[in-house]
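K.L.:
Whatever this is, show me its structure:
(one chain, ligands or ions: 1)
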Amino acid sequence: MNLVPRLNAPARRAAEGFVDPEVAETPPARRRPRFARVGLAAGAVASIAVASLMISNAAANSSAVTPLESTAVASPGTVAVFESRGSDVSRTAEDRTAVDQAATVRGQSIQAENDAVAQAAQLSVLQSRSSSMTEASDAITAQAKKLANKKNFLIPTAGALGSPFGMRLHPILHYWRMHDGDDIGGACGQPIYATQDGVVIKTESGYNGGSGNNVEIEHGQIGSVDVRSDYFHMNKFIVQVGQTVRRGDLIGYVGDTGLSTACHLHFQVRENTVPVDPIGNGYIKSPNADAAPTTEG
Ligand SMILES: [Zn+2]
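P.N.:
Numbering: from 1, shown residues only. Here you go, the predicted model:
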C-alpha cells in the first residue's frame, strides 16, 4: 500500500526528494541546528539551577559562618554600630544618673552636716540659756535667802514679851484700841539694837503723840514690800537721820518717855508704812513668853 498520499503536501514533497527553492536558497550556516537550540535551552535551565544552588549555598553559608555581632564593631555605618553608639549614649546617661545620685547623696550629707551644726549651735544656745537661767535662778535663790535672812530680825532688846500686837484694852486710856507693836520688857537704860541693816530715817524727841523719844529705820525692800522698824519710849537715842546702821548696832536705850507706865520698848514693824505684827509676820521670834509681862504702854 502506498503511504505517500496520506502525507501532507510538504512532507510528500520532502519524501519525493522535492527541494523547496526558498528553503534551498537559505544558507545552511544561518540555520541553528536543532540540537544546538535544545542544548542552549538546557544550558540556560542548568545555569538557573546552578545559580539557585549557589544562592542557596550562599544563604546557608552566611547563616552558618560568622555571627553578625563580631563583624559589627569593625564595620562602621552598620546598624550594630548604631546600637553600640546607642549603648554608649545610654551608658553616658547612666553615668550622669550616677553622678546626679552621688551629688544628691553628697548634698544630703552636707545638709545633714549643716543640720547637725545648726542643732549643735542651737543646743549650745539652749545650754547657754539654761546656764544663764540656772545662774539667774541661783541669784534669785541667793537673793531670796538673803531676803529671808534680812527678815530674820534681831530682837532689839532683852526682856520678855509684854503686850503683843493686836487689839487691847489700853492700860492707861482704859479703852480698847489697836496696839500696833510688841512691848518688850527691859530695865531702864538697857541697850536697844538695830533689828536689821538699814538707814535711820527719823528721830524724834519729846512726847510725840505718846511715842516718846523714838527712832525709825528704813530696811528697804524685803520681798515685795518696803519694811521699816520703830523704837518707842526711848530714854535716849544715839543715831541721827541718814545714818547707816548694821544689824545689832546700838541705837539707844530703854526708857519710859511718851505715853508709858514704866520702862519698856515698844517695837514696831511697818510694811509699806502700815504697822504689822512683828512676830506673826515672821520678823522676830517671840521673846520668852513665859516671862512675866512688863510694863505696858
Ligand atoms: Zn506698846
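K.L.:
Apart from its neighbours in sequence, what residue is nearest the closest residue to the ion within the chain?
P.N.:
Taking Cβ to the ion, the ion has its nearest neighbour within the chain at H266, 3.4 Å off. Bear in mind the C-beta positions are built from the backbone N, C-alpha and C, glycine included. Nearest non-adjacent residue to H266, counting by Cβ to Cβ, 6 or more residues apart in numbering: F232, 3.8 Å away.
K.L.:
so that neighbour, which of the three states?
P.N.:
Going by DSSP: H, G, I helix; E, B strand; the rest coil, the secondary structure assigned to F232 is strand.
K.L.:
same deal with A139?
P.N.:
Per three-state DSSP, A139 ends up helix.
K.L.:
before we move on, what about V199?
P.N.:
strand.
K.L.:
Just list the residues touching it, thanks.
P.N.:
Contact partners of V199, counting by Cβ atoms under 8 Å, 6 or more residues apart in numbering, are I217, E218, G242, Q243, T244, V245.
K.L.:
Pairing partners for the closest residue to the fifth one other than its chain neighbours in the sheet, please.
P.N.:
Read it as T244. What sits nearest to T244 in space, not counting adjacent residues and going by Cβ to Cβ, 6+ apart, is V199, at 5.4 Å. Note on V199: beta-bridge partners E218, T244, judged by DSSP bridges.
K.L.:
Next one: V199 from E135, what distance?
P.N.:
From V199 across to E135, the span is 30 Å (Cβ to Cβ, to the nearest Å).
K.L.:
now do A98
P.N.:
54 Å.
K.L.:
mind listing the helices for the chain?
P.N.:
All helices of the chain, identified by DSSP state H, fall at 9-15, 21-25, 34-64, 68-72, 79-151.
K.L.:
Give me the mean pLDDT for the second one.
P.N.:
Summarised as a single mean, pLDDT over helix 21-25 is 48.
K.L.:
Please apply the same query to the longest one.
P.N.:
Per-residue pLDDT over helix 79-151 has a mean of 82.
K.L.:
With the third one instead?
P.N.:
Rounded to a whole number, the mean pLDDT of helix 34-64 is 47.
K.L.:
Next to the ion in this structure, residues from the stretch 151-297 of the chain, please.
P.N.:
D183, H266 (Cβ under 5 Å from the ion).
K.L.:
residue ranges of the strands in the stretch 151-297 of the chain, please?
P.N.:
For the stretch 151-297 of the chain, applying DSSP state E, counting those that start in this stretch gives strands covering 166-169, 176-179, 182-185, 191-193, 198-204, 213-222, 225-237, 244-245, 250-254, 264-271, 274-276.
K.L.:
mind listing what's buried in the longest one?
P.N.:
Going by neighbour count (16 or more other Cβ atoms under 10 Å), the buried part of strand 225-237 is V227, R228, S229, D230, Y231, F232, H233, M234, N235, F237.
K.L.:
so the second one makes contact with V269?
P.N.:
Yes: with the criterion set as Cβ atoms under 8 Å, R228 and V269 qualify as a contacting pair; they are 7.3 Å apart.
K.L.:
Serialize the strands of the stretch 151-297 of the chain to a markdown table and add fields for mean pLDDT.
P.N.:
Shown next, in a markdown table, are those (pLDDT from 0 to 100):
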| stretch | mean pLDDT |
| --- | --- |
| strand 166-169 | 86 |
| strand 176-179 | 87 |
| strand 182-185 | 92 |
| strand 191-193 | 97 |
| strand 198-204 | 97 |
| strand 213-222 | 96 |
| strand 225-237 | 97 |
| strand 244-245 | 98 |
| strand 250-254 | 98 |
| strand 264-271 | 96 |
| strand 274-276 | 96 |
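K.L.:
Buried deepest among the ones you listed, which one?
P.N.:
strand 182-185 (a mean of 26; mean count of other Cβ atoms under 10 Å).
K.L.:
could I get it in PDB with only the CA atoms?
P.N.:
C-alpha atoms of strand 182-185 as PDB (Å, rounded to 0.1, in the frame of the first residue of the first chain):
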ATOM      1  CA  ASP A 182       5.200  94.300 170.600                       C
ATOM      2  CA  ASP A 183       6.100  95.500 174.100                       C
ATOM      3  CA  ILE A 184       9.400  94.000 175.200                       C
ATOM      4  CA  GLY A 185      10.200  94.500 178.900                       C
END
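K.L.:
Run through the neighbouring helices and strands of that strand.
P.N.:
On a contact count with 3 or more Cβ pairs under 8 Å, 6 or more residues apart in numbering; DSSP states H and E, strand 182-185 meets strand 264-271.
K.L.:
That's all I had, so thanks and see you.
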